[in-house]
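> With the sequence up front, the predicted model follows.
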Amino acid sequence: MGDSLITVVAIFLAAILMFIFPLMSLAERTDDISSLAVQTATTEFVDDVRTTGKMTLDDYEQYLSDISSTGNTFDIEVLIQQLDENPGMKTTQAEATKIGENLYYNMYTTQVEEQLYSKGRITLKEGDLVTVTAKNTNQTISQMLRNFFYMISGNDSYQIVGQHSGVVSVNGSTSKN
């Protein structure tokens with residue numbers, strides 16, 4: 001009886017070592033590749049907005065298409081902080097870039113999407129800040145296996161994320177191309 005129990009345990013351990021761990025490794029590698037693709041797409045999108053001074057509906061939809069091509073679903077957070085230069089408050093100061101003199105007004109994801117879908121573009125000016133974050137909302141195979149074997153579970157856990165931000169370096173044109 002003792003020999004058969006040891007044999008069953010040995011077969012079970014061999015199956016785990018031969019099949020489960022390589023599967024977990026492959027699944028984590030897939031998540032790493034997806035994460036790299038999402039980070040690259042996010043960086044390119046934000047850098048394009050920064051260098052052109054505008055965010056267009058076509059660029060935004062292309063970004064969404066690029067990150068969706070990984071086979072995952074994402075929660076996208078877009079934050080645009082628009083610099084409000086109030087010249088009336090700077091009557092004693094000649095330099096517009098002094099700290100504490102300028103105010104930023106925030107536009108969040110829903111406001112950004114609303115303006116993109118209604119007007120087709122958002123025109124930004126030099127000094128505005130753009131931040132984009134994409135987090136996966138679905139559970140990947142890697143997350144399911146990890147939750148099963150390590151008993152780590154939670155709704156707030158995400159594996160694939162891309163985040164980038166920057167300062168707009170040019171004034172966007174108001175003419176349509």
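Arrived safely, thanks for sending. Please read all numbers here as calculations on a predicted model, not as lab measurements.

> Looks to me like Glu77 is in a strand.
Yes. Read with DSSP: H, G, I helix; E, B strand; the rest coil, Glu77 is one of the residues of a strand.

> Bridged to it, which residues?
Thr133 (DSSP bridges).

> Remind me what the worst-scoring helix or strand of the chain on mean pLDDT packs against, helices and strands.
The least trusted helix or strand in the chain, going by mean pLDDT, DSSP states H and E, turns out to be helix 141-150, with a mean of 80. Counting contacts by 3 or more CB pairs under 8 Å, 6 or more residues apart in numbering; DSSP states H and E, helix 141-150 packs against helix 21-52. (Glycine included, C-beta is placed from N, CA and C.)

> Quick check: next helix or strand after the helix it packs on?
strand 54-56 (DSSP states H and E).

> Who are the contact partners of Val78?
107-109, 112-113, 130-132 (CB atoms under 8 Å, 6 or more residues apart in numbering).

> any idea how far it is from Leu64?
Here Val78 is placed at a distance of 11 Å from Leu64 (CB to CB, to the nearest Å).

> ok so, going back, go through the contacts of Val78 and name the one nearest Val38.
Val132 (10.6 Å; CB to CB).

> The closest one touches Ile76, doesn't it?
Yes. Shown here, Val132 and Ile76 form a contact pair, counting by CB atoms under 8 Å, at 7.1 Å.

> quick one: which of those two has more around it?
Neighbours per residue, other CB atoms under 10 Å: of Val132 and Ile76, the larger number sits with Val132, 25 against 17.

> Quick check: pLDDT value at that one.
Note on Val132: pLDDT of 97.

> cool, and Met89?
52.

> Could you do Ala14 as well?
Looking at Ala14, its pLDDT stands at 85.

> phi, psi of it?
phi -60, psi -40 (degrees, to the nearest 10).

> show me the contacts for the spatially most central residue of the chain.
Nearest to the geometric centre of the chain sits Ala134, at 2.2 Å (CA atoms, centre = their mean). Residues near Ala134 by CB under 8 Å, 6+ apart: 38, 42, 67, 74-77, 161-163.
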